[in-house]
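**Student:** coords please:
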Amino acid sequence: MSLSDLPEGRATLKVTVKQAPESYHTDSTLDTASLLSSPSSSRDDIFTRHRSWPDPFEIPRFSYDVELQLKRGNEAYEENGTLLNIRKDTKSEILDKLAEAMYAYTAYPSREEYDIVAQSLIRKHPCLREPGSAKGWYCWKFSLKFKMGNYRNKLRVAGCSQLQVNRSSSGPKQKLKKAKKAEVSFLPDFPEGRTQNVMEEERLAIIEAMKKKKADMKKVNEMMVGTFSLRRKYIVEQQPPVAEVKTKWPALFTEIQIEAEFTRITSADLSGSLFSGLEQHLPRVMELYRARIGSCPELKKVLSMLDDDNSNQMKRAVILRGLPYFLREDPSKFLRSTEATETGQHGEGHECRHPSGKRRRGAS
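**Tutor:** You can find the predicted model right below:
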């Protein structure tokens, strides 16, 4: 499990640097080689996104002549502060490369993400600073916005499903679903070498597997990952009712697949983000609960749970249990918990995690 478990002097690490075909640069040493691939090093990232936006943003390598210009320009800037008089074609290539690298994370960057890219560009190549600008990167930010729009249009014309679905049809006005800011991979194209017929066969295999008394969930999870693009195409473009989705994708409604699908779409951990959000607001919510004890005796009973256990896990449970009383809602319709063990579809009791962090058997 750890390199320290091996005999001293026997642990080795092999690093293989894969160079992009269009690049003219070759690294002579591995001293500065990063073990993390750059955003533009993998062509598959254009179709499937699974990473959050980096800060600072890793600026990709440009063509050899542009890199040579930037190298000379940075040297002159360090010597006497001279800025590079950049040509139009050079600027266009820089923006093209940056747009491709940004699209590997999201097709619709936010204002803050544009800021991060522009700042990272100036930080790596200070000779590109804008004369007379306080920050030196404002114009680069606006140029990136226009270039990103042109890049999306280029991919839309080329047949990119994610971008084509965001345009209204020429017939009746029916605006299809557009990716939200948190959705980094809401409509990916089919992976290379995998056709719709192949994934449809896997979908039918998932249905048959879920009918078994004891399904092989490891195999089901693998097939759910492989059919992600087919499933998103069906849900986004056809917008079916939930009952129909449950019939065609029964595994999608299991607890593990709900979290896994959320991660595939947003690259975020569902339960992890929930608990981290609860802990972030713990002190303030506790103050609000205590301030309303006089008008809501039920909150006093919920807060008394902390007398015996003042851990973060119990505080999470207190916040969730007290929420319906604080909002003046019916607790029976707001939260449901379970204590008993029930037999599920596959002959096993479903295990759920209580807000306090304790594991319980049963269905919720």
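**Student:** phi and psi next, for the residue most central in space within the chain.
**Tutor:** Taking Cα atoms, centre = their mean, the centroid of the chain lies closest to Ser267, which sits 2.3 Å from it. Dihedral angles of Ser267 (phi, psi; degrees, to the nearest 10) stand at phi 60, psi 30.
**Student:** need the per-residue pLDDT for it.
**Tutor:** Predicted confidence (pLDDT) for Ser267: 76.
**Student:** in the stretch 51-200 of the chain, where is pLDDT below threshold?
**Tutor:** Low-confidence segments of the stretch 51-200 of the chain, defined by pLDDT under 70: 51-52, 162, 164-185.
**Student:** contacts for the helix or strand containing Tyr234 next, please.
**Tutor:** Using DSSP states H and E, Tyr234 falls within helix 228-238. The contact list for helix 228-238 (Cβ atoms under 8 Å, 6 or more residues apart in numbering) reads 48, 161, 165, 176-177, 185-191, 194, 196, 199-200, 203, 224, 240, 245, 248-249, 252, 261, 264-265. For every residue, glycine as well, the C-beta is placed using N, CA and C.
**Student:** please pick the buried ones from these.
**Tutor:** If you count burial by 16 or more other Cβ atoms under 10 Å, the buried members of the contacts of helix 228-238 come out as 48, 161, 165, 185-188, 190, 199, 203, 224, 245, 249, 252, 261, 264-265.
**Student:** give me the subset of those residues lying in helices.
**Tutor:** Residues from the buried ones among the contacts of helix 228-238 lying in helices, with DSSP state H as the criterion: 161, 199, 203, 224, 245, 261, 264-265.
**Student:** all strands of this structure, in order?
**Tutor:** Counting by DSSP state E, the chain has strands at residues 351-353, 359-361.
**Student:** Glu259 - nearest residue in space that isn't next to it in sequence?
**Tutor:** Spatial nearest neighbour of Glu259, excluding adjacent residues (Cβ to Cβ, 6 or more residues apart in numbering): Leu270 at 4.6 Å.
**Student:** the one you found contacts Glu261, doesn't it?
**Tutor:** No. With contact defined as Cβ atoms under 8 Å, Leu270 does not count as touching Glu261 (9.0 Å).
**Student:** contacts only, for the residue nearest to Glu259.
**Tutor:** By Cβ under 8 Å, 6+ apart, the neighbours of Leu270 are 258-259, 262-263.
**Student:** mind putting the residues you listed into a markdown table with pLDDT and neighbour count?
**Tutor:** A markdown table is the format used below for the contacts of Leu270 (pLDDT from 0 to 100; neighbours: other Cβ atoms under 10 Å):
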| residue | pLDDT | neighbour count |
| --- | --- | --- |
| Ile258 | 90 | 13 |
| Glu259 | 90 | 14 |
| Phe262 | 87 | 16 |
| Thr263 | 86 | 16 |
